[in-house]
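S.K.: Predicted model and sequence follow; I will ask about them next.
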Amino acid sequence: MNRVNIRKINELNVLREIFNKAPTSRASVTSELGLTKSTVYSIFSVLTEEGLIYDIGQGSSTRSGGRKPALTNFNANVGYTINTKINSHTISCMLNWLDGSVITYQEYPVTGETASQHLLALYQVIRSAVLTGEKLLGISVGIYGVVHDNKVVKATISDLIEFNLVEVLHSRFDVPVVLENEANMSALHIRDFPGNERVKNAVSVSLLDGIGAGIIIDGNLYTGVHSEAGEVGHTPFYGLDHPVPIEDLCSDLAVMARLSRLKGYEIDIADIRKGFDTEDTDIERVLDQFSTGIVMILQNLVLSFDPEKIVISSQILRAIPELLTAIAARIKPFAHKHTPIELSDNPDQAALLGGCALISRKILGLPTGELVFKKRNTPQ
């Protein structure tokens, strides 16, 4: 390994230390990383020139006295990212500073169902989201489908594979663009926005527009050889006259579509909750199949990966938490140890925050390893 490579590795390690521990001092970073004082001071100078860090004043001296250390902070406001998700009828959009702090979040309707209509809406959303006077650093896009080498391989909006989405957005906005599966983005949110709990092995299950699982193993996103790991929605469901993909029956979108056909009018989440409370026969039958399908998926994920926890994104389960309690009870006998199963507080924002972590890591040159992003609305 030559000196240039060693220098770059040291710079990235120092940047990671400041990102995770800020405000911190040169002396603290020197001690934590075991580098020489001159190396750390030199790297601090480079990062300051690049606008990634800045001094904020003096800290407290040690018990033995001595000069107070100069404290340094990560400069989250050096630029921002635009993080989006293509849904069946809307585009979700969140703007974040480089440390993950949320600037804005909004949902935008899409007129039409084709990929070209969704992509036009996506472009218009991103263009309108650009902040005057601030530096756009990168864009992330989440989809319901399979992404391999930053290209759509499969998608619930089937003709999306005909477009080179990354190339189009890069040519329009001249910044790095990353594309990822929605469930994988939600899994990155679990890992990189941990709050008080660090998780190294977890599964994120999305039941929203389709069904997919994002898998974190030993702190890394696992996608498989062809990026199809976690595509559990294609599991066949044998509870009907003929097997069908489980996501055609048990995703939130599929359940609402089935009930709308049965009832002859548009069904929403509030209608499903009401039908559950009033013991509506059609709704009970469809929810029973929904629960059985989810038990199959979760049971296999628990037995296959033995995660620290599973986090589910589902409008239906959020509206009817009694279903999740019953589902967890049906899984428990098949697992040697109890695996906590939680509901995502805000499924849509979780995926966008995961996208934010993904593109921010690319910008910082830190694609792997621990980075602790911030759950807050204003960077400090």
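M.R.: Done, it's in.
S.K.: which residues of the stretch 251-380 of the chain fall in helices?
M.R.: Shown for the stretch 251-380 of the chain, the helices assigned by DSSP state H, counting those that start in this stretch span residues 252-263, 269-277, 281-305, 315-319, 321-331, 347-364.
S.K.: ugh, typo on my part, it should be the stretch 1-150 of the chain
M.R.: With DSSP H, counting those that start in this stretch as the criterion, the stretch 1-150 of the chain has helices spanning 3-21, 26-33, 37-49, 115-129.
S.K.: lowest-confidence stretch among the ones you listed?
M.R.: When the helices of the stretch 1-150 of the chain are compared on average pLDDT, helix 3-21 comes out lowest at a mean of 92.
S.K.: What segments of the stretch 51-200 of the chain are strands?
M.R.: Under the criterion DSSP state E, counting those that start in this stretch, the stretch 51-200 of the chain contains strands at 53-58, 70-74, 80-86, 90-97, 102-109, 136-143, 145-148, 151-155, 177-181.
S.K.: any idea which of the helices of the stretch 251-380 of the chain is most buried?
M.R.: Highest mean neighbour count of these: helix 347-364, a mean of 24 (counted as mean count of other C-beta atoms under 10 Å). C-beta: built from backbone N, CA, C; applies to glycine.
S.K.: Would you convert the helices of the stretch 1-150 of the chain into CSV that also reports mean neighbour count?
M.R.: Formatted as CSV, the helices of the stretch 1-150 of the chain follow (neighbours: other C-beta atoms under 10 Å):
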stretch, mean neighbour count
helix 3-21, 16
helix 26-33, 17
helix 37-49, 15
helix 115-129, 17
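S.K.: can I get the ones you listed in JSON lines with distance to Asp271?
M.R.: Formatted as JSON lines, the helices of the stretch 1-150 of the chain follow (distance: least, C-beta to C-beta, whole Å):
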{"stretch": "helix 3-21", "distance to Asp271": "45"}
{"stretch": "helix 26-33", "distance to Asp271": "55"}
{"stretch": "helix 37-49", "distance to Asp271": "54"}
{"stretch": "helix 115-129", "distance to Asp271": "26"}
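S.K.: so which of those gets nearest Leu253?
M.R.: Checking those against Leu253 by C-beta to C-beta gives helix 115-129 as the closest, at 14.8 Å.
S.K.: and the angle from the closest one to strand 151-155?
M.R.: 130 degrees (axes from the mean of the first three to the mean of the last three C-alpha atoms, to 10 degrees).
S.K.: who does helix 115-129 touch, helix- and strand-wise?
M.R.: strand 80-86, strand 90-97, strand 102-109, helix 165-173 (3 or more C-beta pairs under 8 Å, 6 or more residues apart in numbering; DSSP states H and E).
S.K.: And the protein, split by domain according to the record?
M.R.: 3-74, 78-189+348-364, 199-345 (automatic domain parsing).
S.K.: Turn the ones you listed into CSV, columns for distance to Asn377.
M.R.: Output for the domains of the chain, formatted as CSV (distance: least, C-beta to C-beta, whole Å):
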stretch, distance to Asn377
domain 3-74, 17
domain 78-189+348-364, 5
domain 199-345, 15
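S.K.: returning to that earlier point: can you tell me which of the helices and strands packed on helix 115-129 is packed in deepest?
M.R.: By mean count of other C-beta under 10 Å, the helices and strands packed on helix 115-129 have strand 80-86 as the most buried, with a mean of 27.
S.K.: In JSON lines: the helices and strands packed on helix 115-129, plus mean pLDDT and distance to Thr325.
M.R.: Shown next, in JSON lines, are those (pLDDT from 0 to 100; distance: least, C-beta to C-beta, whole Å):
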{"stretch": "strand 80-86", "mean pLDDT": "98", "distance to Thr325": "29"}
{"stretch": "strand 90-97", "mean pLDDT": "97", "distance to Thr325": "29"}
{"stretch": "strand 102-109", "mean pLDDT": "96", "distance to Thr325": "29"}
{"stretch": "helix 165-173", "mean pLDDT": "96", "distance to Thr325": "39"}
